Every structure is written in structure tokens, then in C-alpha cells.
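Asker: output the structure for:
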Amino acid sequence: MATITSEILIGHSNDLSGGIIPTHILLLSEGSKPVWILKDLDILEDHTHGSNTIRWIPTTDNVLEDALLMISIYVLRDKDLVENASKYFRSFSDNIIELSRDISIENLKELYRMCRRLQYDYKLILSCFTGSSLEKKLNIIKLYSMDIEVCKASYNRSYNPFGDKVVINGNL
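Answerer: Numbers count the residues shown, from 1 in each chain. Okay, the predicted model is just below:
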């Protein structure tokens, strides 16, 4: 069964007190194949956000960069990036896109390059849960300019049914 192994909160920095004012959440579901799930957050309950859920099945090698591209297209809505993406994708308006099938690798790489050049005026908080495939892909963030906090598991307590005991890793 697929489980959520990472999440990215997307929003605006609060320069005075840190944290984030989130507008969207991107969840990585990993199982037989990974899926990024993008949802609007209406935390202020102003009902101005649509309720569409967009899903991308990422490429094997660029799971995190696929997420950053998804954010730039659907949340930031960079005009040039959206224009090129709509030309490159076979079915850009679909709510589920499989990157290895719906766009050529050359065009996808071009979109990555465009995305890296953007000047970002937003913040991400990326949380990697135990077992997430993103943990080994985090260095790609250095190529981007957005504000970001990365949170990795530092403490984990779980019941192991095979040993009939609680296992603790890390410190608080």
C-alpha cells in the first residue's frame, strides 16, 4: 500500500517571526510507483482557491526536481514556463500526468533549466519522513533560489510486530 513519505508546504515567508503562511501542500505518495499530489490549502477560508487536485507521476531520477517544476507551473504560474509546458506536454490539462510518458526528456530538461533561473518569492518547507526516496535527492535544492527549510526525521519511535517491541531511533 502506498504511503506519504514526504510533504512540501508551499507559501510565503513571515520575515518577522519565521515559519510559513501556506497556500498549497504537495504530498509524495510512494508505493508501487511514486505520485506527487498537489492540493490548495484554504486555511484562511476565503474560498478563493480552486479545489482541483493535480497528480504527477515523477521521473525515476528527478523526483524532487519534478516537484519543484510542478510548483513553478501550478502555484507560481510563471508565464513563460506555463507557456512552454503547455506546448511540451501531450495532455497538459489532465489532472494526472505521467512525466516519463507525457513529455520528452529533452523538453523536461529544458523546463528544469527554466525553473532554476526563476527568482522565487515564496517559501517551501520540505519534510522527509523515514524511508522517503527524497532523502538522497536533496542536493538539487542548491540550484534553486527559493527560501526553504528541510526537515528530516531526527527521532522515530515505532512498534515492531516481528520483535514484539518498540524501537527508538534518534534523539529529541
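Asker: pretty sure residue 10 is touching residue 70, no?
Answerer: No. Residue 10 lies out of contact with residue 70 (Cβ atoms under 8 Å); the separation is 9.9 Å. In short, each C-beta sits where N, CA and C put it, glycine included.
Asker: joint contacts of those two?
Answerer: Common neighbours of residue 10 and residue 70, counting by Cβ atoms under 8 Å, 6 or more residues apart in numbering, are residue 26.
Asker: immediately after the helix or strand residue 106 falls within, which helix or strand?
Answerer: Residue 106 is part of helix 105-117, with elements assigned from DSSP states H and E. Where DSSP H and E defines the elements, the next helix or strand beyond helix 105-117 is strand 123-128.
Asker: can you pull the buried residues of that next one?
Answerer: 123, 124, 125, 126, 127, 128 (16 or more other Cβ atoms under 10 Å).
Asker: residue boundaries of the strands in this structure?
Answerer: 3-13, 20-30, 35-40, 54-57, 96-98, 123-128, 147-152, 155-160, 165-170 (DSSP state E).
Asker: out of those strands, deepest packed?
Answerer: Ranked by mean neighbour count, the strands of the chain are led by strand 123-128 with a mean of 20 (mean count of other Cβ atoms under 10 Å).
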